[in-house]
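# below: sequence and its predicted model.
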Amino acid sequence: MNQKMSLREIERKAWTSYFEDGLWDVFFGALFLIGGIRSLTDNVWYTLLLLVPVLMLPIGKKLITIPRLGHVKFGPARKLRQSKAIAVLVISVLATLALLLLPHSGLSLPELPISPIMAGWIAVLFGVLA
């Protein structure tokens, strides 16, 4: 067992194993299910059910994944990449919110094609996050 592994390779394996527990699949499935129920019933109170998957993800990580796999403290390079990813995500959410609220702001702006802009923005966002 004379195999050499670099710290970068160990961090990569730890990072990918963090997402192999299936909680993200359950999270997105519950999100789509609740969104479908909300649109079929047209009841605003079903929107509160969106809190279930949002709370389920960190609680599941804490109660299922961390006891099973342990907790890893990543090095400064990985932390920097995570900080950049979080910054991109926050900026994209704020830009999307601004883009959606722009027509309702009361400002006299030229007519913007919101649908193609949103489609492009979502494609760029998922491309960056992938």
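Received it, and whenever you're ready, just let me know what you need.
# helix/strand/coil for the residue nearest to residue 47 when sequence neighbours are not counted?
In space, residue 47 comes closest to residue 38 once its chain neighbours are excluded; the distance is 5.8 Å by Cβ to Cβ, 6 or more residues apart in numbering. Where you see a C-beta, it was placed from the backbone N, CA and C, and this is true even at glycine. When classified by DSSP: H, G, I helix; E, B strand; the rest coil, residue 38 comes out as helix.
# quick one: residue 38 from residue 118, how far?
Distance of residue 38 to residue 118, given as Cβ to Cβ, to the nearest Å: 20 Å.
# of these two, who's got more company?
Using other Cβ atoms under 10 Å as the criterion, residue 38 and residue 118 rank with residue 38 on top: 17 against 13.
# what's near enough to touch the more buried one?
Contacts for residue 38 (Cβ atoms under 8 Å, 6 or more residues apart in numbering) come out as 46, 47, 49.
# longest helix of this protein?
Assignment by DSSP state H gives helix 76-101 as the longest helix of the chain.
# show me which residues of the very next helix or strand once past that helix are buried.
Where DSSP states H and E defines the elements, the next helix or strand beyond helix 76-101 is helix 114-129. Buried residues in helix 114-129, defined by neighbour count with 16 or more other Cβ atoms under 10 Å: residue 125.
# next one: phi and psi at the closest residue to residue 52 other than its chain neighbours?
Nearest in space to residue 52, with sequence neighbours left out and distances taken as Cβ to Cβ, 6+ apart, is residue 30 at 6.4 Å. Per-residue torsions, residue 30: phi -70, psi -40 (degrees, to the nearest 10).
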